[in-house]
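1. Next comes the sequence, and after it the predicted model I'd like to discuss.
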Amino acid sequence: MLPSVKRSEKCLQLAYMGRARYDDGIYTTYQDHICRAPDPDEIEKALYNYEIKKNAQQCHDPPRLIIQNARLKISLDAAINIPQYTASQHIIIPSNYQVNALNEQFLLYDNNDNQRRILIFATKQHLDFLNECESWHCDGTFAVAPKLFEQMYSIHGSIRGKKLPLLYSLLPNKDQKTYEELFRIVAQHELHLKKEFLENQNSRQTMKNLAALAFVPPNNIVEEFSRIKENASDVLDGNKLYILNFYYILSSFRFDFVFRR
């Protein structure tokens, strides 16, 4: 003898409280209501959301693949009403995903700009290592970048003859403004100049000008650097840390380059 089949069902429209019970082939309504006729697209959308939630809990596939597989199971008409994955740019990173396995802060910077989101990842120890390295090796990679970003940009430090990845960033494009923001944030944290950048307008302009040297014609770099150096504050120029650091960085700027310090 087969066991009896029982289940409860509810209306998909959240504004209504319709409920029914299924018991061995018989439906019994115990919370009745009147609503508009079922919309096939809405039903498919609900099944689509259910499929994503279920697979996110049960498998280890990347989000992009889970969403893609769920979309393949719905009709084209229903797919039109479902937001594209590339439109879901309002990323919120929970605090437990901002730290590494040792519970150290790993998310270094998030500009929270949904049109050109920039995320930078590094621990304080990684920044200390970068500060001690004699050279930096930088690489922009496009093949492994998440779909919402154009490239994954990393900075590697040369320690005892070995190149170790110490900082990662996800960038939305290859624009000058984006690279300026990336290196400005790295310099502020590495050389502890964040307060100087926020409170001193002259220092803030100097840092921006130094970052822009990457886009100056090679023959004019030394001349432009000298001009910036003359106008720099004592905090930046006196200790030679920031000025000399960026001079060697930007004098050899290219797609895959080495920062000589």
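-> Arrived safely, thanks for sending.
2. Let me know the average pLDDT across stretch 80-91.
-> The pLDDT scores in stretch 80-91 average 60.
3. in the stretch 1-150 of the chain, which ranges drop under the pLDDT threshold?
-> 1-19, 22, 25, 27, 29-39, 62, 64, 81, 83-90, 134 (pLDDT under 70).
4. ok, which stretches of it are helices?
-> Counting by DSSP state H, counting those that start in this stretch, the stretch 1-150 of the chain has helices at residues 40-58, 63-71, 76-80, 124-132.
5. For Ser95, which of those helices is the nearest?
-> The minimum distance between Ser95 and the helices of the stretch 1-150 of the chain falls on helix 124-132, with 16.9 Å, by CB to CB. C-beta coordinates here come from the backbone N, C-alpha and C atoms, glycine included.
6. packing partners for that closest one?
-> Other helices and strands packing on helix 124-132, by 3 or more CB pairs under 8 Å, 6 or more residues apart in numbering; DSSP states H and E, are strand 151-159, strand 162-171, helix 176-190.
7. Mean pLDDT, mean neighbour count and distance to Ile66 for these - can I get that in a markdown table?
-> Output for the helices and strands packed on helix 124-132, formatted as a markdown table (pLDDT from 0 to 100; neighbours: other CB atoms under 10 Å; distance: least, CB to CB, whole Å):
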| stretch | mean pLDDT | mean neighbour count | distance to Ile66 |
| --- | --- | --- | --- |
| strand 151-159 | 87 | 19 | 21 |
| strand 162-171 | 90 | 18 | 20 |
| helix 176-190 | 81 | 18 | 29 |
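8. Columns distance to Glu230 on top of the ones you listed, output as TSV?
-> TSV is the format used below for the helices and strands packed on helix 124-132 (distance: least, CB to CB, whole Å):
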stretch	distance to Glu230
strand 151-159	29
strand 162-171	31
helix 176-190	20
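9. right, so of those, which gets closest to Gln201?
-> Here helix 176-190 is closest among the helices and strands packed on helix 124-132 (CB to CB), at 14.5 Å.
10. quick one, the closest one and strand 162-171 angle?
-> With axes from the mean of the first three to the mean of the last three CA atoms, to 10 degrees defining the directions, helix 176-190 sits at 130 degrees from strand 162-171.
11. Give me the spatial nearest neighbour of Leu107, chain neighbours excluded.
-> Here the nearest residue to Leu107 in space, its sequence neighbours aside, is Gln98; by CB to CB, 6 or more residues apart in numbering that works out to 4.0 Å.
12. Many thanks, I have nothing further to ask.
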